[in-house]
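Engineer: Here is a sequence with its predicted model. Questions after.
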Amino acid sequence: MQIHELELVIKNADRAINNEDFDQLMDFYSEDATLVVKPGTLAKGKEEIRRAFVAIADYFNHSLIVNQEKMAIIETGDTALVVAKALLSANQKTDSAFSMERMATYVFKKDSTGTWRCIIDNSYGAELLE
C-alpha cells in the first residue's frame, strides 16, 4: 500500500515539533490556520500558533515528543481530513513524566502551489466534546 503524501507531511511536522524547529513547523500551516492548544483555547494564525508551540515546549521542559502511530486520510478535491492516533510523551516535565495517546483530527487544504497546509490542528479530537 502506498503512503499518502500527507503522512509524510505530518511526520515532518512531528519532527519539527520534536526538534523545536518552530520556523520549519510554520511551513506546515496555512496563514489562517487554527490550533487547539487545549480544550477552550485556540491559537489562530501562524504568529499565535508559533507562540503556542514555544509555550508548550516550555511547559514540557523541552522534552515533548510527538508521533503519529496510525492515520486514516479522507480526501476530496483540495481538502483532506486526517484522523490519527497521536502518541505524546515528555520525560522532563517539571512536575511529572507525561505520556498519553490521543485520537487527533486534522484538516488540510492544498494551496495554490499544490502544497498541503494544515488549516485545523486538533490533537484532542472528539475529547473536545467532554
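Structural biologist: Now that the structure is in, tell me what you want to look at. On a predicted model such as this, the values are computed, not experimentally measured, just so you know.
Engineer: Output the contacting helices and strands for the helix or strand of the chain with the lowest mean pLDDT.
Structural biologist: Lowest mean confidence among the helices and strands of the chain (mean pLDDT, DSSP states H and E): strand 98-110, at a mean of 90. The contact analysis (3 or more CB pairs under 8 Å, 6 or more residues apart in numbering; DSSP states H and E) places strand 98-110 against helix 5-18, strand 79-90, strand 116-122. Placement of C-beta: from N, CA and C, glycine included.
Engineer: and residue 31, which of these is closest to it?
Structural biologist: strand 116-122 (8.5 Å; CB to CB).
Engineer: quick one, that closest one and helix 5-18 angle?
Structural biologist: 60 degrees (axes from the mean of the first three to the mean of the last three CA atoms, to 10 degrees).
Engineer: mind listing what strand 116-122 pairs with, with the direction of each?
Structural biologist: Note on strand 116-122: by DSSP bridges, its sheet partners are strand 29-38 (parallel), strand 98-110 (antiparallel).
Engineer: Can you add mean neighbour count and give those back as CSV?
Structural biologist: Formatted as CSV, these follow (neighbours: other CB atoms under 10 Å):
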stretch, mean neighbour count
strand 29-38, 17
strand 98-110, 17
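Engineer: Nearest to residue 63 among those would be which one?
Structural biologist: Of all the strands paired with strand 116-122, it is strand 98-110 that lies closest to residue 63, at 8.6 Å by CB to CB.
Engineer: Just want the angle from that closest one to strand 79-90.
Structural biologist: On the basis of the same axes, to 10 degrees, strand 98-110 is oriented at 160 degrees to strand 79-90.
Engineer: List the contacts of residue 79.
Structural biologist: 107-110 (CB atoms under 8 Å, 6 or more residues apart in numbering).
Engineer: Which members of these are the farthest-apart pair?
Structural biologist: Greatest spatial distance in those: 107 and 110, 11.9 Å, computed using CB to CB.
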